[in-house]
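Have a look; sequence and predicted model below, questions after that.
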Amino acid sequence: MSKRDYYEILGVEKTANEDDLKKAFRRLAMKYHPDRNPDADAQEKFKEAKEAYEILCDTPKRALYDQYGHAAFEQGGGMGGGRGGFHGADVGDIFGDIFGDIFGGGRSGRPRRGADLRYILELDLEEAVFGIERTIEVPTLVACKTCEGSGSKDGKTSTCATCRGHGRVRMQQGIFSVQQVCPHCAGTGKTVSNPCKDCRGEGRVEDERTLQVKIPAGVDSGDRIRLAGQGEAGPSGSEAGDLYVEVRVREHAIFQREGDDLYCEVPIRFTQAALGADLKVPTLDGEAVITLPAETQTGKLFRLRGKGVKNVRSGRLGDLHCRVVVETPVKLTRRQRELLEDLESTFEGAESGAHTPRANSWFDGVKQFWERMTS
C-alpha cells in the first residue's frame with residue numbers, strides 16, 4: 001500500500017513552518033497516542049504522524065522529501081538513510097507537555113526537591129517607594145532536627161533496591177521508554193530501614209520559619225523577591241525549594257501610582273483658579289510648591305520632576321503629577337453670597353462669552369447637533 005503524503009498526514013500546507021508542524025503533531029499526538037486512545041488503529045496513526053513530523057522538522061530531510069518523495073528514505077535509496085530518532089528538543093518538549101502527567105516528574109530525572117512557596121507581602125506605598133526590611137513568618141516543611149533531615153533514626157541508610165542507588169528508573173509506556181525519578185527513594189538513591197519517629201522517615205516536619213526580607217526601594221505590586229532554598233525542605237535531605245515573596249501595595253489616601261510616576265488631585269477654590277495662587281502640595285519626601293497661573297482650568301496637570309518613584313532597576317526617578325480640581329464653595333455666608341451675586345451680574349451682556357470660552361464652544365456644538373438631528 002502506498003504511503004500517504006507527510007503534509008497530508010499532519011494536515012498542513014507545504015509552506016508550513018516549524019511552529020505549524022509542531023502544533024499539528026501535538027494535536028495528533030493528543031488524539032492518537034495509545035495511552036490516550038484505546039482504538040486498535042490509534043497506534044498506527046500515531047506512528048504515522050510521528051514519522052511525518054520527524055522528516056518535515058529536519059531541514060535536510062525535508063528538502064530531500066520535497067524533491068524525491070518517500071523514495072528518498074526507502075532502504076537502499078541512498079538519499080537519506082533510514083529514519084532517525086526524535087528531532088532535536090521540539091519533540092521532547094511536545095512529549096513533555098502531553099505525557100508529563102503520565103510518567104510523573106520532569107524529564108531530567110533529578111531527585112525530587114522541596115516545593116517552592118509563595119508569600120504575599122502587603123506594603124504601604126511609602127514602604128514600597130523607599131524600601132524596608134520586614135520580618136515574616138512562613139508555615140512550611142523544614143528539615144527534621146532529630147535526624148538532621150536524613151529520615152533515619154540511627155543515621156544509617158541503604159541503597160534503594162528499586163533503582164539500585166541511581167535515583168532514576170526506566171519505564172516503558174507503549175513505544176516509549178522514559179526515565180523518571182524513583183518513586184521509592186524520591187531520587188536520592190537511598191532508603192531508610194529504621195525511620196525517625198519524629199518525621200516518620202520523611203526527613204522533614206511542619207514548622208514556621210521566621211525570615212528577614214529586605215525589600216528594595218521602588219518595588220510595585222506583582223514584583224517578586226526570590227529567596228533561594230527558603231521553600232519547603234526536600235524529602236530525605238534532598239534540595240529545598242525556593243520562597244517567592246510577592247509584593248502587594250495597598251491603596252494610598254492621596255497618591256495613585258502608574259509605573260514610576262505618582263498622581264494626586266489638589267482641590268482649589270475658584271478664586272484661586274481665576275486669580276492664580278501659590279499652593280503647597282504634599283510629596284513623599286515633604287512639601288513642594290506649585291504656582292497656579294491666573295485663569296487655571298479644572299483638571300490641569302502640574303508636573304513636579306523627580307518627585308515620583310525611583311525605579312527599582314534603573315534608578316531613574318519618576319515625576320509627581322498634580323491635577324487641580326476647582327471646588328464649588330458650600331455653606332456660604334450672606335456676605336459671600338452677595339459678593340457672588342454681584343460678580344455674576346458682571347458676566348451678563350454681550351461680552352459675557354469672553355469669560356467662558358469652553359461654554360461657548362459647547363453651546364455651539366449642541367446647536368450643530370440639534371440641527372443635524374432635525375434636518
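That came in fine, so what should we check first?

For the nearest residue to Leu123 once chain neighbours are set aside, which residues are in contact?
Distances taken as CB to CB, 6 or more residues apart in numbering put Val249 closest to Leu123, at 5.5 Å, once the chain neighbours are dropped. C-beta here means a position set from N, CA and C on the backbone, and glycine is covered the same way. Neighbour list for Val249: 122-125, 128, 219-221, 257 [criterion: CB atoms under 8 Å, 6 or more residues apart in numbering].

State the distance from Val249 to Lys307.
From Val249 across to Lys307, the span is 18 Å (CB to CB, to the nearest Å).

Verify the contact between Thr140 and Thr210 for me.
No - judged on CB atoms under 8 Å, Thr140 makes no contact with Thr210 at a distance of 10.9 Å.

which of the two has more neighbours?
Using other CB atoms under 10 Å as the criterion, Thr140 and Thr210 rank with Thr140 on top: 21 against 8.

which SS state does that one fall under?
The local conformation at Thr140, judged by DSSP: H, G, I helix; E, B strand; the rest coil, is strand.

What residues are bridge-paired with it?
For Thr140, the beta-bridge partners under DSSP bridges are Asp207.

OK, contacts around it?
Listed by CB under 8 Å, 6+ apart, the contact set of Thr140 reads 117, 206-209, 231-233, 243.

how far does stretch 45-65 stretch from start to finish?
This stretch, stretch 45-65, spans 20 Å end to end (CA to CA, to the nearest Å).

list the buried ones in that stretch?
45-46, 48-50, 52-58, 61-62, 64-65 (16 or more other CB atoms under 10 Å).

Among those residues, which one sits closest to Lys280?
The nearest member of the buried residues of stretch 45-65 to Lys280, counting by CB to CB, is Cys57 at 67.6 Å.

Do you have the helices of the stretch 1-150 of the chain handy? List them.
For the stretch 1-150 of the chain, applying DSSP state H, counting those that start in this stretch gives helices covering 6-10, 18-32, 42-56, 59-68, 88-103, 125-130.

could those helices go into CSV alongside distance to Pro267?
Listed next are the helices of the stretch 1-150 of the chain as CSV, based on distance: least, CB to CB, whole Å:
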stretch, distance to Pro267
helix 6-10, 66
helix 18-32, 55
helix 42-56, 66
helix 59-68, 68
helix 88-103, 56
helix 125-130, 20
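
mind checking which of those is nearest Arg337?
Using CB to CB, those put helix 125-130 closest to Arg337, at 40.9 Å.

Report the buried residues of that closest one.
Of all the residues in helix 125-130, those buried under the rule 16+ other CB under 10 Å are 125, 127-129.

In contact with Tyr32, which residues?
Each residue near Tyr32 by CB under 8 Å, 6+ apart is listed here: 42-43, 45-46, 49.

For it, report the pLDDT, please.
Note on Tyr32: pLDDT of 80.

Between the contacts of Val249, identify the one with the most neighbours.
In terms of neighbour count, Ala128 stands highest of those at 27 neighbours, by other CB under 10 Å.

Surely Ser150 touches Pro235?
No - if you go by CB under 8 Å, Ser150 and Pro235 don't touch, sitting 10.7 Å apart.

shared neighbours of these two, anything?
Going by CB under 8 Å, 6+ apart, residues that sit against Ser150 and also against Pro235 are Gly203.

doesn't Gly276 make contact with Thr296?
Yes - counting by CB under 8 Å, Thr296 touches Gly276, with 7.0 Å between them.

more neighbours, those two?
Neighbours per residue (other CB under 10 Å) separate Thr296 from Gly276, with Thr296 holding more: 20 against 13.

can you give me phi and psi for that one?
The phi/psi pair for Thr296 (degrees, to the nearest 10) reads phi -70, psi 130.

quick one: it and Gln272, what's the gap?
Counting by CB to CB - Thr296 and Gln272 are separated by 8 Å.

which stretches of the chain have low pLDDT?
Low-confidence segments of the chain (pLDDT under 70): 1-2, 34-36, 38, 40, 74-112, 172-177, 349-354, 357-363, 375.

how about a cut-off of 90?
By pLDDT under 90, the low-scoring segments of the chain are 1-4, 14-55, 57-115, 147-195, 199-204, 234-239, 285, 313-314, 343-375.

roughly how far apart are the residue positioned nearest the centre of the chain and Val249?
Centroid check for the chain by CA atoms, centre = their mean gives Gly222 as the closest residue, at 8.2 Å. According to CB to CB, Gly222 stands 9 Å off from Val249.

Asp242 against Gln230, yeah?
Yes - at 6.6 Å, Asp242 and Gln230 qualify as touching, with contact defined as CB under 8 Å.

Please enumerate the shared neighbours of these two.
By CB under 8 Å, 6+ apart, the residues touching both Asp242 and Gln230 are Leu117.

These two: who's more crowded?
Taking neighbours as other CB under 10 Å, Asp242 and Gln230 compare with Gln230 leading, 21 against 18.

For that one, which non-adjacent residue is spatially closest?
Closest to Gln230 by CB to CB, 6+ apart is Leu243, at 3.9 Å.

what's the one you found sitting at in phi/psi?
Backbone geometry at Leu243, expressed as degrees, to the nearest 10, gives phi -110, psi 130.

Spit out the contact partners of it.
Residues near Leu243 by CB under 8 Å, 6+ apart: 116-119, 138, 140, 211, 226-227, 230-231.

swap the cut-off to 10 Å and go again
Neighbouring residues of Leu243 by CB atoms under 10 Å, 6 or more residues apart in numbering: 116-119, 136, 138, 140, 209, 211, 213, 225-232.

So what pairs up with it in the strands?
In this entry, Leu243 is beta-bridged to Leu117, Leu227, by DSSP bridges.

now swap in the one 5 residues further on and tell me
Taking DSSP bridges, one finds Glu122 as the beta-bridge partners of Arg248.
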